[in-house]
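Trainee: the following comprises the amino acid sequence and a computationally predicted model.
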Amino acid sequence: MASDVSDASGFPADLPGLPVTNYQIAIGTTYIGVIAILCAISTLLVAARVFFRWGSTAGVAVDDYFLVVAAILGVIEMSMMISIVEPVIVSRPQFVPFETLNRTAPRTIIAQATSSWSVALTKTSIAFLLIRLQQVQAWAICLYVIIGVQILAAVFVTILHTTRCLPTEAIWNPTIQDSWCWSPEAFKVAMTHASTLAVFTDVVFALIPLTFVRHIRSSPLHRVVIVGLMGLGLLASGASIVKTIMIFRLDQDGDASGHGLEIGLWASIEAQVGIIATCIPCLRAPFLRLLDRLGLRRSHQGGDLAWSIQEVPMSRVGYANSTKSANHAVSGGAVAPSEVWPGVDPNEGFQVARTGRTSTDQTPVDKSIATTTKLDTLESQLSVDKYTSS
């Protein structure tokens, strides 16, 4: 079985320790620099998302909780990997003794597992957000299926890494005898399937908004912006594709540890970029409002509007117990509900509905509004900006 172990580690069994190469040091240095920055950005964005959601009419929802857990797992993964590579980068030894690896290398298993779960929970967060916005039941069922598949994929990857060699120490210690390891080909195929699934779900999530964004009562440019923001997850797909390419180089050049570290680098990039891309759509409006307050962006305050916001009682369109949304129209401040809907209790729940003009028309709302009102809650659920650009 020694040959199996040697295949898994990439080094002969008579070495005093794991050789440290310049390639490993370069990748380790890159990991610390890149992932530390991305992790800081993603953590700040998640905190900002939860802060603004907490004070919004939509409130903190299940997708926010999943994203918070994903961000925590991302921090754990980064901490584990840095604790492994930082001492090697600082001291630059020729070999890392196997006794030392037996204490530190298991952290790589934890890091790999947390990375896969961070990605899975980030995608679960996106799926739950789309379920809230989705009106077609078939698409909602599809999203629930994707959630289940993501969880199963995370379980599979965790099992794959923890059982790559039995005992686990045989992954990095070729001196262990009577061990069993996955063949390099089987490991590559399994990881490639997992990465392909990740790319597929990113593409699906990027396309699903096209099924409902056309119903949003807004300008074509505004719809394109929404689709673009919700399609940022495709950036994580790029990292997943690169990671897949690196997997096929795992046992090349006699430096499996270096290539494994590079795979970990791209896996971390995939997780952190996914979190960042998930937060950005929910922070667009707060960012634009900040620019307004700083005087760096001009919003429409006159009557020449591309579209306006009108308060519509939800009981008139089949949504009785709705959450009260923003109480003002873009044109000139607050509009009392009684001015739009005489005889309606001002304390009744209201929902933002977008129209093509500023109006106090008292004509009853057509039932067709009911099919798009839920989509108009993007104002609060995605924090879509109320103002049109000049």
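Mentor: Noted; the coordinates are in hand.

Trainee: list the buried residues in the helix or strand hosting I25.
Mentor: Using DSSP states H and E, the element containing I25 is helix 22-54. If you call a residue buried by 16 or more other CB atoms under 10 Å, then helix 22-54 has these buried ones: 24-25, 27-28, 31-32, 35, 38-39, 42-43, 45-46, 49-50, 52-53. No exception for glycine: its C-beta is placed from N, CA and C like everyone else's.

Trainee: chain center to it, what's the gap?
Mentor: Mean C-alpha position of helix 22-54 versus that of the full chain (CA atoms, centre = their mean, to the nearest Å) differs by 13 Å.

Trainee: which helix runs longest in the chain?
Mentor: With DSSP state H applied, the helix covering the greatest number of residues in the chain is identified as helix 256-293.

Trainee: how far does it sit from the chain's center?
Mentor: Taking CA atoms, centre = their mean, the mean C-alpha location of helix 256-293 is offset from the chain mean by 7 Å.

Trainee: what's the angle from that helix to helix 22-54?
Mentor: Interaxial angle of helix 256-293 relative to helix 22-54 (axes from the mean of the first three to the mean of the last three CA atoms, to 10 degrees): 30 degrees.

Trainee: in helix 256-293, what counts as buried?
Mentor: Using 16+ other CB under 10 Å as the burial criterion, the residues of helix 256-293 that qualify are 256-279, 281-286, 288-289.

Trainee: so what does it touch, helix or strand wise?
Mentor: The criterion is 3 or more CB pairs under 8 Å, 6 or more residues apart in numbering; DSSP states H and E, and the helices and strands that helix 256-293 contacts are helix 2-9, helix 22-54, helix 62-91, helix 106-133, helix 220-230, helix 234-247.

Trainee: mind putting these into CSV with distance to T175 and mean pLDDT?
Mentor: Rendered in CSV, the data for these read as follows (distance: least, CB to CB, whole Å; pLDDT from 0 to 100):
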stretch, distance to T175, mean pLDDT
helix 2-9, 8, 39
helix 22-54, 20, 94
helix 62-91, 20, 94
helix 106-133, 17, 92
helix 220-230, 51, 76
helix 234-247, 26, 90
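
Trainee: of those helices, which is nearest C181?
Mentor: The stretch from these with the least distance to C181 (CB to CB) is helix 2-9; that distance is 4.2 Å.

Trainee: what's the first helix or strand after that closest one?
Mentor: Secondary structure here is assigned by DSSP H and E; on that basis, the next helix or strand after helix 2-9 toward the C-terminus is strand 17-19.

Trainee: which residues does that following strand contact?
Mentor: Where contact means CB atoms under 8 Å, 6 or more residues apart in numbering, the residues beyond strand 17-19 that reach it are S9, F11, Q94, F95, V96, P97, F98, T100, L101, W172, S257.

Trainee: please flag which of those residues sit within strands.
Mentor: Counting by DSSP state E, the members of those that fall within strands are F95, V96, P97.

Trainee: tell me the most packed of these, by neighbour count.
Mentor: For those, the largest neighbour count, defined by other CB atoms under 10 Å, is 22 neighbours, found at V96.

Trainee: is it bridged to anything, and to what?
Mentor: Counting by DSSP bridges, V96 forms beta bridges with L18.

Trainee: what's the closest non-adjacent residue to T108?
Mentor: Distances taken as CB to CB, 6 or more residues apart in numbering put I84 closest to T108, at 6.4 Å, once the chain neighbours are dropped.

Trainee: contacts only, for that neighbour.
Mentor: Taking CB under 8 Å, 6+ apart as the definition of contact, the neighbours of I84 are T104, A105, R107, T108, A111.

Trainee: for T196, same thing?
Mentor: Contacts here follow CB under 8 Å, 6+ apart; on that basis T196 touches T244.

Trainee: can you tell me how far it is from A154?
Mentor: Using CB to CB, to the nearest Å, we find T196 at a distance of 15 Å from A154.

Trainee: please apply the same query to I110.
Mentor: Between I110 and A154 the computed distance is 14 Å (CB to CB).

Trainee: between those two, who's got more neighbours?
Mentor: For the pair I110 and A154, the greater number of neighbours falls to A154 (22 against 17), based on other CB under 10 Å.

Trainee: was I right about the more buried one contacting S116?
Mentor: Yes. With contact defined as CB atoms under 8 Å, A154 and S116 form a contacting pair (4.8 Å).

Trainee: which sections of the stretch 251-390 of the chain are below the confidence cut-off?
Mentor: In the predicted model of the stretch 251-390 of the chain, residues 295-390 satisfy pLDDT under 70.

Trainee: let's go with 80 and repeat that
Mentor: Across the stretch 251-390 of the chain, residues meeting the criterion (pLDDT under 80) sit at 251-254, 284-390.

Trainee: assign Q177 to helix, strand or coil.
Mentor: coil (DSSP: H, G, I helix; E, B strand; the rest coil).
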